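Enquirer: Provided below for reference: sequence and predicted model.
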Amino acid sequence: MPSSEFQLLSSILENKGKSVSDILSKISAFQIAVPSWALGAGGTRFGRFSIGGEPRNLEEKLEDIGLLAKLTKKTDAVSLHIPWDIPEDVEAIKQKAQSLEISFDAMNSNTFQDYGQDLTYKMGSLSNSDSTIRQQAVDHNKQVIEIGKSLGSKGLTVWLADGSNFPGQASIRKALQWTYESLQAIYKDLPSDWKLLLEYKPYEPNFYHTVIPDWGTSSFLCKQLGDQAKVLVDLGHHLPNTNIEQIVATLMHQDMLAGFHFNDSKYGDDDLSTGSIKPYQLFLIFCELIGGAEDGAQAWESISWMIDASHNTKDPLEDLIQALEAIAIAYAKALLVDREKLTQCQMSGDTVGAQEILQDAFLTDVRPLVKEARLQSGGVESPLDYYRTEKIREKLISQRGKNSQATGL
Ligand code: PSV
Ligand code: MN
Ligand code: MN
């Protein structure tokens, strides 16, 4: 029996001409991949405090995501990071994932750390002035594609830490050119049904210049590479007050949006829980996404949805439950926008009217819709309450130990 809150909201929305069943099926269909590195307590450069019961291997990471999937019905995929997640037995991992109804989203390469490879990435990877180091980084990405192929993934995400810390340290143009050539070599090995998702970030760990600092640089590299390369927007990878919804709209206008790394940000790449700082911005981003797809600029299905966050003080599974809920809420609110009336306001220069339409959708409490969609899909009423009353973390600690640590950032 649907809740009275849901029934009341349904009748309000139906009176406004909205199809509640259409909204529910859109919310249910929307699935967000979870990154393997978000399942342990996150590290900062000052320390890492294990939450206990963290997954000790890839199987256990999949089990955690399987649990999130079962409770929330908002995720059905994992995004792996190599070499942290190299499967020892590919068939066993595939079977495990299948039994949990989890698929493999985009694979992430790692050329921002040294982990026993021959040559150091201290001075960069795909952009390194030494061609043998560039080749090593290219080969690593090719290996990631091979692992991804064996698991059934369809994407490679490249995030580079490359750049320089001081003026004069690097040739900005040469670093860019070498990066392009390295990416070209990787792109040649990309299967025809794969996507290359190229992430940008303005600063950190390099503080003077980053080789791919913004969506413009990422997008012209992708254009040069070919149709399968598109721009990945990580919500934390912008300077303060950047208009991210405009970036999303612009990329969609060019069919250049690969997908998202959802998180939230107060200052920079804070990797805070999605929706915890700027929920209105997230709503506006979804408004652009829905608008871009409806106008035929870029197909909704061509966009990848992932979380990228990592925490020091929260139980990571509770955090992911909150993030998945916040994303669903922002999406549901954006689905309520009266797009026809909004267009009329835009055409007639009615600024006040346009704002009223957005606010009317944003200020609607859509939680009964999100809950009803989850229940209809077989999830639980309140994933967070369930997690706590069933004492899941305590159970994980008794199975995996108090000091287990997942690989991650
Ligand atoms: C580093 O900034 C980062 O947070 C990027 O956003 C990547 O997507 C992620 O790490 C995993 O490599
Ligand atoms: Mn990211
Ligand atoms: Mn980041």
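Expert: Thanks, I have it. What you are looking at is a predicted structure, and each value in this text was computed from that prediction instead of being measured. Ligands and ions are numbered 1, 2, ... in the order given.

Enquirer: hang on, Ala258 in a strand?
Expert: Yes - counting by DSSP: H, G, I helix; E, B strand; the rest coil, one finds Ala258 located in a strand.

Enquirer: what number of residues lie near it?
Expert: Per other CB atoms under 10 Å, the neighbour tally for Ala258 reads 24. C-beta coordinates here come from the backbone N, C-alpha and C atoms, glycine included.

Enquirer: excluding its backbone neighbours, what's nearest it?
Expert: Distances taken as CB to CB, 6 or more residues apart in numbering put Lys230 closest to Ala258, at 3.4 Å, once the chain neighbours are dropped.

Enquirer: model confidence over whatever helix or strand that neighbour lives in, on average?
Expert: Using DSSP states H and E, Lys230 maps to strand 229-234. Strand 229-234 carries an average pLDDT of 99.

Enquirer: Identify each buried residue in that strand, please.
Expert: Across strand 229-234, burial judged by 16 or more other CB atoms under 10 Å covers 229-234.

Enquirer: Which elements pack onto that strand?
Expert: Secondary-structure packing of strand 229-234 (3 or more CB pairs under 8 Å, 6 or more residues apart in numbering; DSSP states H and E): strand 195-199, helix 215-225, helix 244-253, strand 257-262.

Enquirer: Turn these into JSON lines, columns for distance to Leu272 and mean pLDDT.
Expert: Listed next are these as JSON lines, based on distance: least, CB to CB, whole Å; pLDDT from 0 to 100:
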{"stretch": "strand 195-199", "distance to Leu272": "18", "mean pLDDT": "99"}
{"stretch": "helix 215-225", "distance to Leu272": "21", "mean pLDDT": "98"}
{"stretch": "helix 244-253", "distance to Leu272": "15", "mean pLDDT": "98"}
{"stretch": "strand 257-262", "distance to Leu272": "11", "mean pLDDT": "98"}
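
Enquirer: Could you save these as TSV and add columns showing distance to Glu5?
Expert: Below are the helices and strands packed on strand 229-234 laid out as TSV (distance: least, CB to CB, whole Å):
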stretch	distance to Glu5
strand 195-199	38
helix 215-225	39
helix 244-253	29
strand 257-262	26
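
Enquirer: Indicate which one of these is closest to ligand 2.
Expert: Ligand 2 lies closest to strand 257-262 among the helices and strands packed on strand 229-234, at 3.6 Å (CB to the ion).

Enquirer: who touches the closest one?
Expert: Contacts to strand 257-262, defined as CB atoms under 8 Å, 6 or more residues apart in numbering, come from residues 32, 106, 155, 195-199, 229-237, 248, 251, 274, 292, 298, 302-309, 323, 327.

Enquirer: Drop anything exposed from these.
Expert: Neighbour counting over those (16+ other CB under 10 Å) leaves 32, 106, 155, 195-199, 229-237, 248, 251, 274, 292, 298, 303-309, 323, 327 as the buried ones.
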